[in-house]
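Chemist: here are the coordinates; sequence isn't available:
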């Protein structure tokens with residue numbers, strides 16, 4: 001400030017700072033800018049997937065979190081179905097039902113939901129999809145809270161994205177991440193696992209098998225109760241899709257050490273999840289899972305909850321057969337309780 005006063009321009013530094021902040025805020029409201037950051041931030045990769053769907057709309061859309069992202073190859077799924085429909089995997093690591101609802105509403109506003117556009121939606125449903133939290137900041141960009149219903153904090157978090165996304169922007173303090181950010185502004189850099197168009201949104205699972213301690217920590221979090229808000233938004237998602245004439249089905253992803261709690265009647269933490277299952281059944285939503293006589297092999301998992309590419313190819317082929325009505329597929333429709 002003293003510099004600007006000395007040359008007769010008091011307050012100019014503050015003006016420049018405000019202009020810079022406004023500029024950054026404007027960039028965070030730009031789809032094309034966020035798309036350029038697809039190799040830097042998870043939300044950038046989310047924009048890549050959403051923009052791909054808007055540009056090259058599939059007949060089948062698969063929604064979910066990382067277990068969908070790593071677990072369902074659209075090309076393999078389509079090959080197992082007689083009509084070979086166009087399929088896209090819009091699985092987003094760390095996403096919850098609220099984020100998926102926000103994306104569905106965006107697609108609906110673009111006129112992309114319905115029998116002549118996206119006519120079938122498959123939702124990959126595990127416990128974490130309903131447990132709340134938005135550590136990766138998807139909701140800042142894809143959800144539009146209503147001030148009266150959701151409160152001032154939620155409303156402002158999505159309108160002032162520089163504030164709402166501030167925790168994630170702190171990743172740029174890491175030298176490697178900051179360098180990647182600068183490179184992304186100059187040249188096109190694809191995210192790990194390749195661009196959305198390369199495998200129709202599917203990203204093969206990578207990494208080594210977890211040890212027993214890691215599995216135990218993951219299991220402790222995965223059996224936490226669901227968030228009431230996420231459960232409500234799952235049903236809003238289903239209702240929106242069906243109102244637009246979209247056929248909706250749910251697939252429960254496989255775990256290496258147990259079934260998801262929607263299928264575990266005896267598990268002490270299953271009560272809330274069984275209630276969600278019953279509510280979906282009452283809506284007439286078909287539910288699919290590995291038949292009780294079949295399990296994925298340990299060598300088909302990266303960790304307790306995520307398939308590797310070998311496992312994903314097997315699971316996708318069996319899922320496609322099940323959706324086509326095969327009675328011999330390892331995946332079958334879950335009996336109504």
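Modeler: Great, that's in hand. As the structure is a computational prediction, the values presented were derived from the model and not from experiment. Numbers count the residues shown, from 1 in each chain.
Chemist: For residue 160, list the residues it contacts.
Modeler: Counting by CB atoms under 8 Å, 6 or more residues apart in numbering, residue 160 touches residue 25. All C-beta spots, glycine's among them, are computed from the backbone N, C-alpha and C.
Chemist: Tell me how many other residues crowd the nearest residue to residue 85 once chain neighbours are set aside.
Modeler: Distances taken as CB to CB, 6 or more residues apart in numbering place residue 59 nearest to residue 85, at 4.4 Å, with adjacent residues excluded. Residue 59 is flanked by 16 other residues according to other CB atoms under 10 Å.
Chemist: Could you report the separation of residue 291 from residue 172?
Modeler: Distance, residue 291 to residue 172, by CB to CB, to the nearest Å: 47 Å.
Chemist: One more: residue 116?
Modeler: 43 Å.
Chemist: Compare those two (neighbour count), which wins?
Modeler: Neighbours were counted for residue 116 and for residue 172 using other CB under 10 Å; residue 172 has more, 15 against 11.
Chemist: Can you tell me the SS state at the nearest residue to the more buried one once chain neighbours are set aside?
Modeler: Spatial nearest neighbour of residue 172, excluding adjacent residues (CB to CB, 6+ apart): residue 178 at 4.8 Å. Assigned with DSSP: H, G, I helix; E, B strand; the rest coil, residue 178 falls in the helix class.
Chemist: what's in contact with the helix or strand residue 250 falls within?
Modeler: Using DSSP states H and E, residue 250 sits in strand 247-251. Residues outside strand 247-251 that contact it (CB under 8 Å, 6+ apart) are 72, 119-125, 238, 241-242, 280, 285-289, 319, 323, 331.
Chemist: ok, residue 145 - how many residues close by?
Modeler: If you count neighbours by other CB under 10 Å, residue 145 ends up with 19.
Chemist: nearest spatial neighbour of the residue nearest the centre of the chain, skipping sequence neighbours?
Modeler: Centroid check for the chain by CA atoms, centre = their mean gives residue 92 as the closest residue, at 2.5 Å. Once flanking residues are discounted, residue 92 sits nearest to residue 46: 5.2 Å by CB to CB, 6+ apart.
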